[in-house]
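**Student:** Got a sequence here, can you build the structure:
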Amino acid sequence: MRLFKLNTTIHKWLSLFVGLQLLIWLGTGLYFNLMDHSKASGNELRVHSHHEGSITGFDLFPIKDITSNAPQEVNLIWVLHQPYYHFVFDKGQHSYQERHSKLFDAVTGKPFNLSEEQVLTLAKNSYSGQGKLTTPVLSQPPFSDHVRQQNPMWQVAVEDENNTTIYLDSITGQVLRHANDDFRLKDLMMKLHFMDYGNSGGFNHWLIIAFAFATLFLSITGVTWLIQQYRSGLLKLGWGTNRQKVAVTFSNENTITDISAVGRSTVLEGLASSHVYLPSGCGGGGTCGKCVFLSSTKLPITLSEQEHLSQEQLKEGYRLGCQHRFSEISSIEVNTDRNIENHELVVVATNFITPFIKEVKFKLKSGKQLAFKAGAYMQFDVPAGMNSLRPDDMPECYEKYWDSYYHGKFSHNGVTRHYSLVNFDEESDELMFNIRWQTAKNGFKAGIGSSYLGSLQVGETITAKGPFSDFYATSNKKVSRVFIGAGSGLAPLRSIIFEQLKKHKDKSGLALIYGARTEDDLLYHNELKSLSEKHKNFSYIPTLSNPSEEWQGHSGYVQKVLLPYMNQKSELLLAEFYLCGPEAMMSEVEKIITDAGIPSNKIFKDKFSR
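**Tutor:** Residues are numbered from 1 along each chain as shown. The predicted model follows:
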């Protein structure tokens, strides 16, 4: 199984690599079809002058008397109507390869070198535009406009609208190339098309060979993946739009309904087509592990399910809705409600309760009051528009925390965002959320959802769907519970704790270990402290990672506090643990809990990744 997981990982990365280059090929190929070939050649203003003459009237100097060094070849050439011998002593197979040569006056036999004035005249003779030619410069390779050239060249820049540059042979004065902006754009497109990122000047290089092997491995890993999917029963060939009817049991209501959907759709999609929504934070990508259902049919186990579901759950028949097709099942059980509605919410209160977290309270515009389990969340539809990089209504006492952040606006497309409810359904007729303002830093925009919801004013409205319940307390009231959270991860934990104490009058042991950075960052500190004083079965243990000198409580991260707490409480081996906060924190906490012998089915996590 590890080998197949490695195979799929390699396949995905190769797909990204090959896919990006394919997009580049499509773009550059389109350019080559649409470009003006005359302009792209760089020769739009070039005049092809022929430097020839007649030897009549010239007494040529004997070649054998010029030099004792034997050349590979000698050519008679004309430069500005004067004859010269071009002695080539050493040269490569191609004209751009390194060469050793020299000019001699064909009449006097004396060595000859081009002057700047002669080079400028030769350049002017090859140019038909109105631009002004600047002083020639004898330049050494490499050249950005002629990457293959290994010999020095005269370079004459022209002050015209297309930034023309004329290149001439450093010995003979032959015009080798006209380059301009159109030529340079074509040259860039050629570089991208042939993957010549190392400036080799051609397509026979190691990168394109490696790409060919990467494409081969992509095919091999793809075929291997298909075979593995087929053997595990996850690949089923089907055509058409045949519909499948499935009996769906709603465990919340203890009711059964037949739902019909296209057989080839996933369970997640099929249920959604009938307005039955399984929780999903990744949209069906198999990365969040939220869309759980119980199947009466024995289904194969996917890699994603092995990562997100415990062995006990898999044995019982729990699977993920994004991993199986509707045609594979006959009856299932889901822990969700039917016909989750869209609601129009109206802001009734909004204020900062920590330097970066705003408490926003809503009511339904319809006047209804929603019933939901504590720990539920709602999905907000954030419309496209302009958001602020930082709050406009920051309390003066928190301004010091925002000194390093810029004012300004940024545009964005519409998104959906999920936020956990802070209160339980019977606490009030309001829906209360903690919106942590994701700050703009190191060139990144601020959080789209948080900056939008955090900027809403009293009376403004927003559309939300839900509530969704996939993180909640079990129905067993006799079990002890330990809640571990950090930052705005306190929201669903507070909701569950208040529901247990105030609604269900729970007398079992409850403990909250809550981590924040400073005293100002502690959410509902006084409220939780007062709750622990009123309810002797509830312990509130705050800890700060960066406390002031006046702080008298625990310091450090929640992981540091949890271990000694568990060592003091032997009864916690039978307790349930509820975790919410950053992924790294939850991973470390989960390891501490499982190392202490707590089974994984006693650990409940709100992954904080919605």
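**Student:** So which other helices or strands are in contact with the worst-scoring helix or strand of the chain on mean pLDDT?
**Tutor:** Lowest by mean pLDDT, DSSP states H and E among the helices and strands of the chain is strand 255-262, with a mean of 80. Applying 3 or more Cβ pairs under 8 Å, 6 or more residues apart in numbering; DSSP states H and E, one finds that strand 255-262 makes contact with strand 243-250, helix 267-272. (C-beta placed from N, C-alpha, C; glycine too.)
**Student:** Can you tell me which of these is nearest to D392?
**Tutor:** In terms of Cβ to Cβ, the element of the helices and strands packed on strand 255-262 nearest to D392 is helix 267-272, at 37.6 Å.
**Student:** picking that back up, of all the helices and strands packed on strand 255-262, which lies closest to A106?
**Tutor:** Among those, helix 267-272 sits nearest to A106 (Cβ to Cβ), with 83.9 Å.
**Student:** All the helices of the stretch 501-610 of the chain, in order from the start?
**Tutor:** Ranges of helices within the stretch 501-610 of the chain are 525-534, 558-568, 583-595, based on DSSP state H, counting those that start in this stretch.
**Student:** So which bits of the longest strand that the chain contains are buried?
**Tutor:** Longest strand in the chain, counting residues (DSSP state E): strand 342-352. Applying a neighbour-count criterion of 16 or more other Cβ atoms under 10 Å, one finds 343, 345-347, 350, 352 buried in strand 342-352.
**Student:** what's P279 in contact with, if anything?
**Tutor:** P279 makes contact with 290-292, 336, 468-470, according to Cβ atoms under 8 Å, 6 or more residues apart in numbering.
**Student:** which one of those residues has the most neighbours?
**Tutor:** The residue in the contacts of P279 with the most neighbours, by other Cβ atoms under 10 Å, is C291 (28 neighbours).
**Student:** and that one, what is it in contact with?
**Tutor:** When contacts are counted by Cβ under 8 Å, 6+ apart, C291 touches 267-268, 278-280, 284, 320-322.
**Student:** Counting neighbours, which of these comes out on top?
**Tutor:** Using other Cβ under 10 Å as the neighbour test, the contacts of C291 are led by V267, with 29 neighbours.
**Student:** Can you tell me the closest non-neighbouring residue to it?
**Tutor:** Using Cβ to Cβ, 6 or more residues apart in numbering and skipping the chain neighbours, the partner closest in space to V267 is G321 (3.9 Å).
**Student:** list the buried ones in the least confident helix or strand of the chain?
**Tutor:** Here strand 255-262 shows 259, 261-262 as buried, counting by 16+ other Cβ under 10 Å.
**Student:** That strand: partners in the sheet, and parallel or antiparallel?
**Tutor:** Strand 255-262 has its sheet partners listed here by DSSP bridges as strand 243-250 (antiparallel).
**Student:** Tell me which residues are up against the partner strand.
**Tutor:** Outside of strand 243-250, the residues within contact range by Cβ under 8 Å, 6+ apart are 255-263, 270-271, 276, 326-327, 329-334, 336-338.
**Student:** for that strand, which positions count as buried?
**Tutor:** With burial defined by 16+ other Cβ under 10 Å, the residues of strand 243-250 counted as buried are 244, 246, 248-250.
**Student:** Name the residues of whatever helix or strand F211 lives in that are buried.
**Tutor:** Per DSSP states H and E: F211 is located in helix 206-231. Within helix 206-231, the residues that count as buried by 16+ other Cβ under 10 Å are 208, 214, 218, 221, 224-225, 228-229.
**Student:** same thing with stretch 27-38?
**Tutor:** For stretch 27-38, the neighbour count (16+ other Cβ under 10 Å) marks 28, 31 as buried.
**Student:** got it, and stretch 430-441?
**Tutor:** 430-440.
**Student:** same check, this time on stretch 148-166
**Tutor:** Buried-residue list, stretch 148-166, by 16+ other Cβ under 10 Å: 149-151, 153-158, 162, 164-166.
**Student:** ditto for stretch 513-524
**Tutor:** Buried, per 16+ other Cβ under 10 Å, within stretch 513-524: 513-517, 519-524.
**Student:** what do you get for stretch 261-275?
**Tutor:** For stretch 261-275, a neighbour-count test (16+ other Cβ under 10 Å) marks 261-272, 274 as buried.
**Student:** same check, this time on stretch 121-137
**Tutor:** Buried residues in stretch 121-137, counted by 16+ other Cβ under 10 Å: 121-123, 126-127, 129, 133, 136.
**Student:** Also stretch 589-604?
**Tutor:** So, applying 16+ other Cβ under 10 Å, buried residues of stretch 589-604: 589-590, 592-593, 598, 602-604.
**Student:** out of those, which one sits closest to F61?
**Tutor:** Comparing the buried residues of stretch 589-604 against F61 with Cβ to Cβ places E590 closest, at 91.9 Å.
**Student:** Could you pull up the contacting residues of that closest one?
**Tutor:** Contact partners of E590, counting by Cβ under 8 Å, 6+ apart, are 579, 603, 605.
**Student:** would JSON lines of the buried residues of strand 243-250 with pLDDT be doable?
**Tutor:** As requested, the buried residues of strand 243-250 are exported to JSON lines (pLDDT from 0 to 100):
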{"residue": "Q244", "pLDDT": "81"}
{"residue": "V246", "pLDDT": "85"}
{"residue": "V248", "pLDDT": "87"}
{"residue": "T249", "pLDDT": "87"}
{"residue": "F250", "pLDDT": "85"}
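**Student:** With distance to Y557 as new columns, can those residues be given to me in CSV?
**Tutor:** Output for these, formatted as CSV (distance: Cβ to Cβ, whole Å):
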residue, distance to Y557
Q244, 49
V246, 45
V248, 42
T249, 42
F250, 40
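**Student:** Among the buried residues of strand 342-352, which one sits closest to V458?
**Tutor:** Out of the buried residues of strand 342-352, the member with the shortest distance to V458 (by Cβ to Cβ) is V347, at 5.2 Å.
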